[in-house]
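*Asks:* need a 3D model of the sequence below.
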Amino acid sequence: MLGAMGRRKILALLAALPLLASAGCVGVAVPLGKETVSGPNYSKEALAFLDVPGTTREEALSYLGTPTLESPDSRILAYVCQSGTRWAGAGVVDNPITHQGSAGAGQIVAEGAVRILLIAYDENGHVYAHKVSELGDHSLQEECDAWYRSLHPKPSRE
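*Replies:* Okay, the predicted model is just below:
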(Lines give C-alpha, C1' and ligand atoms only; values in the text may rest on other atoms or scores of the structure.)
Protein backbone atom coordinates (compact mmCIF):
# COMPACT_ATOMS: atom_id res chain seq x y z
CA MET A 1 0.00 0.00 0.00
CA LEU A 2 1.33 3.45 -0.89
CA GLY A 3 1.87 5.97 1.87
CA ALA A 4 1.00 9.65 1.60
CA MET A 5 4.50 10.46 0.30
CA GLY A 6 4.27 7.82 -2.44
CA ARG A 7 0.85 9.06 -3.54
CA ARG A 8 2.16 12.64 -3.72
CA LYS A 9 5.11 11.58 -5.87
CA ILE A 10 2.84 9.72 -8.28
CA LEU A 11 0.40 12.66 -8.47
CA ALA A 12 3.27 15.08 -9.13
CA LEU A 13 4.57 12.81 -11.88
CA LEU A 14 1.14 12.52 -13.50
CA ALA A 15 0.69 16.30 -13.31
CA ALA A 16 4.01 16.80 -15.14
CA LEU A 17 3.20 14.45 -18.06
CA PRO A 18 1.30 17.06 -20.15
CA LEU A 19 4.22 19.47 -19.80
CA LEU A 20 6.68 16.79 -20.90
CA ALA A 21 4.49 15.82 -23.85
CA SER A 22 4.23 19.44 -25.02
CA ALA A 23 8.05 19.63 -24.96
CA GLY A 24 8.33 16.63 -27.26
CA CYS A 25 8.94 14.09 -24.51
CA VAL A 26 6.53 11.36 -23.63
CA GLY A 27 7.42 8.90 -20.95
CA VAL A 28 7.32 8.00 -17.36
CA ALA A 29 9.91 8.26 -14.61
CA VAL A 30 9.72 6.59 -11.24
CA PRO A 31 11.81 7.68 -8.24
CA LEU A 32 13.81 4.76 -6.89
CA GLY A 33 15.04 6.51 -3.77
CA LYS A 34 17.76 8.71 -2.36
CA GLU A 35 21.36 7.64 -2.52
CA THR A 36 24.85 8.98 -2.03
CA VAL A 37 26.26 10.14 -5.37
CA SER A 38 29.77 10.88 -4.14
CA GLY A 39 31.58 10.92 -0.82
CA PRO A 40 31.17 8.79 2.30
CA ASN A 41 27.83 7.66 3.69
CA TYR A 42 26.76 9.92 6.56
CA SER A 43 24.10 7.74 8.15
CA LYS A 44 24.06 7.70 11.94
CA GLU A 45 25.01 4.03 11.85
CA ALA A 46 28.01 4.67 9.58
CA LEU A 47 29.27 7.45 11.86
CA ALA A 48 28.61 5.71 15.19
CA PHE A 49 32.31 4.86 15.53
CA LEU A 50 33.05 8.60 15.97
CA ASP A 51 31.06 8.60 19.23
CA VAL A 52 33.22 5.88 20.81
CA PRO A 53 35.58 7.45 23.38
CA GLY A 54 39.19 7.27 22.26
CA THR A 55 38.48 7.21 18.52
CA THR A 56 41.49 8.64 16.71
CA ARG A 57 42.11 10.70 13.60
CA GLU A 58 43.85 7.67 12.06
CA GLU A 59 40.77 5.49 12.65
CA ALA A 60 38.55 8.12 11.01
CA LEU A 61 40.91 8.26 8.02
CA SER A 62 41.01 4.47 7.85
CA TYR A 63 37.22 4.16 7.88
CA LEU A 64 36.24 7.20 5.78
CA GLY A 65 39.27 7.52 3.49
CA THR A 66 41.07 10.66 2.43
CA PRO A 67 39.17 13.80 3.44
CA THR A 68 38.18 16.45 0.94
CA LEU A 69 40.04 18.93 3.14
CA GLU A 70 42.14 18.72 6.28
CA SER A 71 42.73 21.92 8.19
CA PRO A 72 45.90 21.25 10.20
CA ASP A 73 45.75 24.55 12.12
CA SER A 74 42.26 23.84 13.48
CA ARG A 75 42.73 20.02 13.34
CA ILE A 76 39.54 19.36 11.39
CA LEU A 77 38.87 16.69 8.78
CA ALA A 78 36.22 17.70 6.24
CA TYR A 79 34.34 15.32 3.93
CA VAL A 80 31.89 16.37 1.24
CA CYS A 81 28.94 14.21 0.22
CA GLN A 82 26.66 14.81 -2.76
CA SER A 83 23.29 13.12 -2.42
CA GLY A 84 20.71 12.58 -5.10
CA THR A 85 17.60 10.73 -6.16
CA ARG A 86 17.83 7.82 -8.59
CA TRP A 87 15.05 7.73 -11.20
CA ALA A 88 14.13 4.93 -13.58
CA GLY A 89 12.31 5.87 -16.73
CA ALA A 90 11.22 4.97 -20.20
CA GLY A 91 9.87 7.15 -22.92
CA VAL A 92 10.06 8.70 -26.34
CA VAL A 93 11.87 11.95 -27.11
CA ASP A 94 10.99 13.83 -30.29
CA ASN A 95 13.98 15.33 -32.12
CA PRO A 96 12.89 18.93 -32.92
CA ILE A 97 14.95 18.98 -36.16
CA THR A 98 14.15 15.63 -37.75
CA HIS A 99 10.83 15.08 -35.90
CA GLN A 100 11.83 11.47 -35.40
CA GLY A 101 11.28 9.91 -32.03
CA SER A 102 13.76 7.81 -30.16
CA ALA A 103 12.72 5.42 -27.44
CA GLY A 104 14.80 4.54 -24.46
CA ALA A 105 14.89 3.33 -20.93
CA GLY A 106 17.40 3.76 -18.19
CA GLN A 107 18.27 5.34 -14.92
CA ILE A 108 19.52 8.79 -14.02
CA VAL A 109 20.56 10.39 -10.76
CA ALA A 110 19.38 13.92 -10.08
CA GLU A 111 21.85 15.64 -7.79
CA GLY A 112 20.56 17.06 -4.55
CA ALA A 113 22.05 18.60 -1.43
CA VAL A 114 25.76 18.92 -0.69
CA ARG A 115 26.40 17.83 2.86
CA ILE A 116 29.60 18.06 4.84
CA LEU A 117 30.99 15.96 7.64
CA LEU A 118 33.37 17.82 9.95
CA ILE A 119 35.50 15.92 12.47
CA ALA A 120 37.57 17.75 15.10
CA TYR A 121 40.52 16.06 16.79
CA ASP A 122 42.81 17.25 19.59
CA GLU A 123 46.60 17.62 19.69
CA ASN A 124 46.88 13.90 20.56
CA GLY A 125 44.82 12.88 17.53
CA HIS A 126 41.66 11.95 19.47
CA VAL A 127 38.29 12.82 17.95
CA TYR A 128 36.29 15.07 20.30
CA ALA A 129 33.48 16.40 18.07
CA HIS A 130 31.80 15.85 14.74
CA LYS A 131 28.83 17.21 12.86
CA VAL A 132 26.99 16.79 9.58
CA SER A 133 25.42 19.82 7.93
CA GLU A 134 24.64 21.23 4.52
CA LEU A 135 27.32 23.24 2.79
CA GLY A 136 25.99 26.77 2.57
CA ASP A 137 27.28 29.73 0.59
CA HIS A 138 30.71 29.60 2.21
CA SER A 139 33.77 27.66 1.12
CA LEU A 140 34.62 24.41 2.84
CA GLN A 141 37.59 26.10 4.57
CA GLU A 142 35.31 28.89 5.83
CA GLU A 143 32.88 26.28 7.20
CA CYS A 144 35.77 24.55 9.00
CA ASP A 145 37.01 27.84 10.46
CA ALA A 146 33.53 28.89 11.63
CA TRP A 147 32.91 25.51 13.28
CA TYR A 148 36.32 25.63 14.98
CA ARG A 149 35.49 29.08 16.38
CA SER A 150 32.15 27.74 17.68
CA LEU A 151 33.98 24.90 19.46
CA HIS A 152 36.59 27.27 20.93
CA PRO A 153 34.94 30.62 21.67
CA LYS A 154 37.27 33.38 22.79
CA PRO A 155 36.53 34.70 26.27
CA SER A 156 34.79 38.06 26.20
CA ARG A 157 36.62 41.06 27.60
CA GLU A 158 34.65 42.83 30.27
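*Asks:* three-state assignment of the closest residue to Thr68 other than its chain neighbours?
*Replies:* Nearest residue to Thr68, sequence neighbours excluded (CB to CB, 6 or more residues apart in numbering): Val80, at 4.5 Å. C-beta here means a position set from N, CA and C on the backbone, and glycine is covered the same way. What DSSP: H, G, I helix; E, B strand; the rest coil gives for Val80 is strand.
*Asks:* residue contacts, Gly125?
*Replies:* Listed by CB atoms under 8 Å, 6 or more residues apart in numbering, the contact set of Gly125 reads Thr56, Arg57, Glu58.
*Asks:* mind running it again at 10 Å?
*Replies:* By CB atoms under 10 Å, 6 or more residues apart in numbering, the residues touching Gly125 are Thr55, Thr56, Arg57, Glu58, Glu59, Ala60, Arg75.
*Asks:* neighbours of Val80, how many?
*Replies:* Taking other CB atoms under 10 Å as the neighbour definition, Val80 ends up with a count of 16.
*Asks:* thought Thr66 was touching it, still the case?
*Replies:* No: under the criterion of CB atoms under 10 Å, Val80 lies out of contact with Thr66, with a separation of 11.7 Å.
*Asks:* ok, the contacts of Gly125 vs Ala46, which is closest?
*Replies:* For the contacts of Gly125, the closest approach to Ala46 (CB to CB) belongs to Ala60, at 11.8 Å.
*Asks:* tell me which element that closest one is part of?
*Replies:* Following DSSP states H and E, the helix or strand that holds Ala60 is helix 57-64.
*Asks:* list the contacts of that helix.
*Replies:* When contacts are taken as CB under 10 Å, 6+ apart, the neighbours of helix 57-64 outside the stretch itself are 39-42, 46-47, 49-50, 52, 55-56, 67, 70, 75, 77, 79, 117, 119-122, 124-127, 130.
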